[in-house]
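> I need the structure of the sequence given here:
(chains A, B and C)
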Amino acid sequence: MNALATILEVRGLSVSLPIGGKLTPVVTDMNLSIARGEAVALVGESGCGKSMTARAIIGLPPPGAEIAGSIVLKGQELTQLTPSERRRIGGREIGFIFQEPMTSLHPTLSIGAQMTDGLRYHLGLSRTAALERARELLDRVGIPRGRDILAGHAHQLSGGMRQRVVIAMAIACGPSLVIADEPTTALDVTIQAQVLDLLARMREELGLAMLYITHDLEVVADFCDRAIVMYAGDRVEDGQPEQCLTRPRHPYTSGLVAAIPRMGGTSARLSPIPGQVPPVGAWPAGCRFAPRCAIADEICATRPVFDAGVRCWRPLASPAP
Amino acid sequence: MIRYIGRRLLLILPTIFVPLILVFLMLRLAPGDPAAQILGDQATPDQVAALRHDMGLDQPLVVQFVFWLKGVLTLHLGASFFFRQPVIDILPSYAFVTIQVALLALFIALVVGACAGVAAALKRDTPIDRGLVALAVLGLSLPEFWFALLLIFLFAVTWRIFPVAGYVAPSEGLVASFMTIALPAIALGLRQSALMTRMMRSSMLDVMSEPYIATARAQGLPERRVVLRYALRVAAAPFVTVAGLSASHLLSGAVAIELIFSLPGLGKLLIDAVGRRDYPVVEGAVLAIAIMLAILNLAIDLLYALLDPRVRLS
Amino acid sequence: MSPRLPNDMSATTATIAPAARRAGLARRLAAKPTAALAILVLAGLIAAILAAPLLTHASPLKIDPAHRLLSPRTGHLMGTDHLGRDMLAIVLYGGRTSLIVGFFVTAIAMSVAIALGLLSGFYRRIDAVLMRIVDGLMAFPGIVLATAAAGYIGPSVTTVVLALSLVLIAPALRVVRGQTLIVRELPMIEAARAVGLRETHILTRYILPAVLSPILIQASFVFSAAVLGEAALSFIGLGVGAKDVSWGGALAEARDYIQNGWWIVVFPGAALVLTILSLNLLGDSLRDALDPKLAGRRA
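Sure, this is the predicted structure:
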């Protein structure tokens, strides 16, 4: 990838939230870059900071959050913008797809009104032009008879249809980056595949950079070019999804993979990672995974550096040549 | 939609008949003979018996109830002992005054409550929020009639902006009429404003944490637009339903307020009728209030259906 | 499977306060400044009202035309009214009426509401009928109904208590019923049924304790509404009658002398507002303490 094609470049991002009156870090030292047409998966359990990373990028952190580091979108440093400039990046430059298609659409505004709001605001389209564009977008995401849908409301649509509408809204103003926060988690398995296909097609057709947030590494293995595994606010591994699945290098990634139920697997038993994710604010000073790690030793009491795609003193296998 | 209206109509029946039946039973089951009370101490037993017969009080309760129900359904409420004319002819002019004051009070409450509630929710946990919440708690604890006395003391006695009491009909001058109902409406609207502020605040806080608000924000829309177009639309729905309950509270307060300001409304009529033992008028006033509330609640249900398409279709 | 009769319901829902949580209630209430203040003010008011004969030698009924409409001063801490009656005595003895009415209305309305609410929440058929009646009562202005009732029966403390109880049963009943409906679906009730406990036993031993915290919250609001209702009824002349001193009655008389002295309006009213405000704050704090899910929401 050449530097010109880099859409998003995040360097040293950290997010702290006021918890119990104290500013507590929830994401630390996060680096990631996404090129045009590239899809990157952000993988981890709930509470690992992956959604918070996404919210920091789009500029909608929870109230009171403190954000440090640099977020560069197409050469523009987002953290230097005024709040209202920052706000306008959303929708225009970054499309966002939320997890819950059942609740991420407004219950009482018509689909058409919701879809055209962004178009009219960002692109200055007239009502009719925006509606026509919305109909085209629906057509594009595989919803025929768009005109009927536009006049209707969210509760009249199935979950899959709603997610298609949300995807159409995310790509409406021609963003260069789309962030999808577990967009298929709430859907049936067959619908999941359709939505993933649609996202892949949109990425290809529109040359989108895509950040795909998920807790399920396997689902995105075919879909993403790169996977970043997060644990307790840290990026612990960064590599190709296939390599993470078959030759994980961080013990946590290895544990995640071992916990995936496998069809026709030789072992009937899943091997869960012992212990629990330490709560935010109670992270160990050294390697945050050390208390649960089978191979941790003294050195793990100091914080490992991120090197060669992994943040671990004792990486498991070496990467494929 | 028609089924929805039908169901609503059915649900509204008890709100008319439960209070009416209670009033019917109270008169008949209360200790003492209403006829004797009406006629006073000088009445002979014969006169009392005659009046008992006229009022139908010598009939079994069930028979009385059937006759009474027939009267209510055909709006034959009997004649007032005091006014010497059918109750149904007396009610409209009194109802008009009450409606006038209650609507102005409701309007004040809605505007103040909506603005204060939204402001508090958007400025959550700031001094503005805490101040508004504290004011709302205080407002909820202020009895209307006491607040009315303070208003009279300040605005009618000390500064002489508004008349102390009395009523001018709109037909005799809109401004003069407004001046006579302004203080009563403010006094009445205060507690409801406080109630609605709390309602609106919690409703807004709920809505602002909904995913579709995050969607609208992620669309890059300005916060003003997110609040006004996306949040308020949903937050207003429970707010609208509360208006029905609020109207009922308003009429509760209206009894004392109409007395203080000498407004010829239903509340004043009720108190006077109770004092004169003019029982047909008491029943009439209760019926008029029940019907007014029923109509208002029905209107609110329809408004609700317009605000929320899910209601229309289910 | 051995039938487990769970004592621990902490995992079920936040709206239900288990006995263990209730134990720390007093401490949690005291920790909140508004709650502590409300309790302090209420305690002070009640103490002053009970100790009225010690605090003033004046009688609230003694007319003294020579000393009418005196402004607050030594001897008459709160001044005198248009008949020369001591305002401090009126405020203190009027509070007695408020407390008596508040206490009996709360006791009657809550008992009826608990009994009917449990039945209504537990038996569908009773529920259908009862809820229509409650709807009808709730939609109708309480003071209007109480006015009619007081008018028929004649002014007295008993009348006021009965009329206000009648009006205040409905909202409390609905709360108890709503909570019963939630608790009824809990696994512990199913378990109790499975081991063959009688319905009355389930109702009194399992459901009643679980619905106690909303009842407690509701009781403080009923008390406050009763104090307000008594004052309103007395204000319009259909309250406790002339023999009994009452804040509402004092305010009604003050209406015509409002230009002669602020004290005859301010003191009884302030006592009324202080009482209602403290009760409301207490109810709010109870709700926040017993129902953490709502804390800060309704504020």
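> quick check, the helix or strand that contains residue A:118 touching chain B?
Element membership for residue A:118, per DSSP states H and E: helix A:111-123. Yes - for helix A:111-123, a contact with chain B is found by Cβ under 8 Å from any Cβ of the partner chain, at A:114, A:117, A:118, A:121, A:122. (Each C-beta comes from the backbone N, C-alpha and C, glycine too.)
> residues in contact with the nearest residue to residue B:118 once chain neighbours are set aside?
Once flanking residues are discounted, residue B:118 sits nearest to residue B:204: 5.7 Å by Cβ to Cβ, 6 or more residues apart in numbering or on different chains. Going by Cβ atoms under 8 Å, 6 or more residues apart in numbering or on different chains, residue B:204 touches B:117, B:118, B:121, B:122, B:231, B:232, B:235.
> Let me know the closest of the residues of helix A:111-123 next to chain B to residue C:26.
For the residues of helix A:111-123 next to chain B, the minimum distance to residue C:26 (Cβ to Cβ) is 49.9 Å, reached by residue A:114.
> Pretty sure residue A:145 is one of the things residue A:135 touches, is it not?
No - using Cβ atoms under 8 Å, residue A:135 makes no contact with residue A:145, being 9.4 Å away.
> The two: which has the busier surroundings?
Between residue A:135 and residue A:145, counted using other Cβ atoms under 10 Å in any protein chain shown, the more crowded position is residue A:135 (19 against 10).
> so which helix or strand takes in the more buried one?
Using DSSP H and E, residue A:135 falls within helix A:127-140.
> list the helices and strands the helix or strand following that helix packs on?
Using DSSP H and E, the helix or strand that follows helix A:127-140 in sequence is helix A:146-151. Helix A:146-151 sits against helix A:111-123, helix A:127-140, with contacts defined as 3 or more Cβ pairs under 8 Å, 6 or more residues apart in numbering or on different chains; DSSP states H and E.
> quick revisit: just the closest of the residues of helix A:111-123 next to chain B to chain B, please.
Of all the residues of helix A:111-123 next to chain B, chain B sits closest to residue A:118, with 4.2 Å by Cβ to the nearest Cβ.
> Counting by contacts, list what whichever strand or helix holds residue B:15 packs against.
Assigned by DSSP H and E, residue B:15 falls within helix B:2-29. Counting contacts by 3+ Cβ pairs under 8 Å, 6+ apart, helix B:2-29 is packed against helix B:61-73, helix B:279-307, helix C:124-139, helix C:142-153.
> what residues are up against residue A:135?
Residue A:135 sits in contact with A:146, A:147, A:150, where contact means Cβ under 8 Å, 6+ apart.
> Buried ones among those residues?
Among those, those buried by neighbour count (16 or more other Cβ atoms under 10 Å in any protein chain shown) are A:146, A:150.
> now the contacts of residue A:135 as CSV including distance to residue A:50 and pLDDT?
Conversion of these to CSV gives the following (distance: Cβ to Cβ, whole Å; pLDDT from 0 to 100):
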residue, distance to residue A:50, pLDDT
A:146, 33, 84
A:147, 38, 86
A:150, 33, 93
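> wait, which of the contacts of residue A:135 is closest to chain B?
For these, the closest approach to chain B (Cβ to the nearest Cβ) belongs to residue A:150, at 13.8 Å.
> hey, where'd the helices end up in chain C?
Here chain C has its helices, by DSSP state H, at C:19-23, C:25-31, C:33-50, C:52-55, C:87-122, C:124-139, C:142-153, C:157-184, C:187-194, C:199-201, C:208-210, C:212-235, C:247-254, C:263-290.
> ugh, wrong one, I meant the stretch 51-200 of chain A
Secondary structure of the stretch 51-200 of chain A, counting by DSSP state H, counting those that start in this stretch: helices at A:83-92, A:111-123, A:127-140, A:146-151, A:159-171, A:189-206.
> Helix A:189-206 and the third one, what's the angle between them?
Think helix A:127-140. Relative orientation of helix A:127-140 versus helix A:189-206 (axes from the mean of the first three to the mean of the last three Cα atoms, to 10 degrees): 120 degrees.
> Then the first one?
Computed with the same axes, to 10 degrees, the direction of helix A:83-92 lies at 110 degrees from that of helix A:189-206.
> quick one on the thing from earlier: of the residues of helix A:111-123 next to chain B, which is the nearest to chain C?
Chain C lies nearest to residue A:114 out of the residues of helix A:111-123 next to chain B, by Cβ to the nearest Cβ, at 27.2 Å.
> Disregarding residues adjacent in the polypeptide, which is nearest to residue 155?
Using chain A here. Leaving aside its sequence neighbours, residue A:155 sits nearest to residue B:310 (Cβ to Cβ, 6+ apart; 5.4 Å).
> You answered for a different chain; I wanted chain C.
Leaving aside its sequence neighbours, residue C:155 is closest to residue C:241 (4.2 Å, by Cβ to Cβ, 6+ apart).
> The one you found and residue A:179, how far apart?
Remark: distance between residue C:241 and residue A:179 (Cβ to Cβ, to the nearest Å) = 72 Å.
> Show me which of the two is the more surrounded one.
residue A:179 (28 against 16).
> Let me know whether the more buried one touches residue A:209 as I believe.
No - using Cβ under 8 Å, residue A:179 makes no contact with residue A:209, being 9.5 Å away.
> and residue A:238, what is it in contact with?
Taking Cβ under 8 Å, 6+ apart, we find residue A:238 in contact with A:32, A:226, A:227, A:228, A:229, A:306, A:309, A:310.
> Now do it, the pLDDT please.
Residue A:238 is assigned a predicted lDDT (pLDDT) of 91.
> Next, it: phi, psi?
Main-chain dihedrals, residue A:238, degrees, to the nearest 10: phi -140, psi 110.
> What residues does the stretch 201-321 of chain A have near chain B?
For the stretch 201-321 of chain A, no residue is in contact with chain B (Cβ under 8 Å from any Cβ).
> Show me what from the stretch 51-200 of chain B comes close to chain C.
Within the stretch 51-200 of chain B, the positions adjacent to chain C are B:133, B:137-138, B:140-143, B:145-146, B:149-150, B:152-153, B:157, B:198 by Cβ under 8 Å from any Cβ.
> tell me which helix or strand of chain B sits lowest on mean pLDDT?
None of the helices or strands of chain B scores lower by mean pLDDT, DSSP states H and E than helix B:309-313, at a mean of 65.
> any idea how far the closest residue to chain B within chain A lies from residue C:80?
Nearest residue of chain A to chain B: residue A:91, at 3.1 Å (Cβ to the nearest Cβ). As judged by Cβ to Cβ, residue A:91 and residue C:80 stand 70 Å apart.
> next one: residue C:243
Using Cβ to Cβ, we find residue C:243 at a distance of 20 Å from residue C:80.
> These two - which one has more neighbours?
Remark: of residue C:243 and residue C:80, residue C:80 carries more neighbours, 27 against 9, as counted by other Cβ under 10 Å.
> Enumerate every residue touching that one.
Going by Cβ under 8 Å, 6+ apart, residue C:80 touches C:64, C:67, C:68, C:69, C:70, C:86, C:87.
> Filter those down to the buried ones, ChimeraX style.
Buried members of those, defined by 16+ other Cβ under 10 Å, are picked up in ChimeraX with:
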select /C:64,68,70,86,87
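> Is it possible to get CSV of the contacts of residue C:80 that adds pLDDT and distance to residue B:72?
Formatted as CSV, these follow (pLDDT from 0 to 100; distance: Cβ to Cβ, whole Å):
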residue, pLDDT, distance to residue B:72
C:64, 84, 52
C:67, 82, 54
C:68, 83, 49
C:69, 83, 49
C:70, 83, 53
C:86, 89, 50
C:87, 90, 47
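> Between its first and last residues, how far does stretch A:103-120 reach?
With Cα to Cα, to the nearest Å as the measure, stretch A:103-120 spans 23 Å from end to end.
> With stretch B:121-128 instead?
10 Å.
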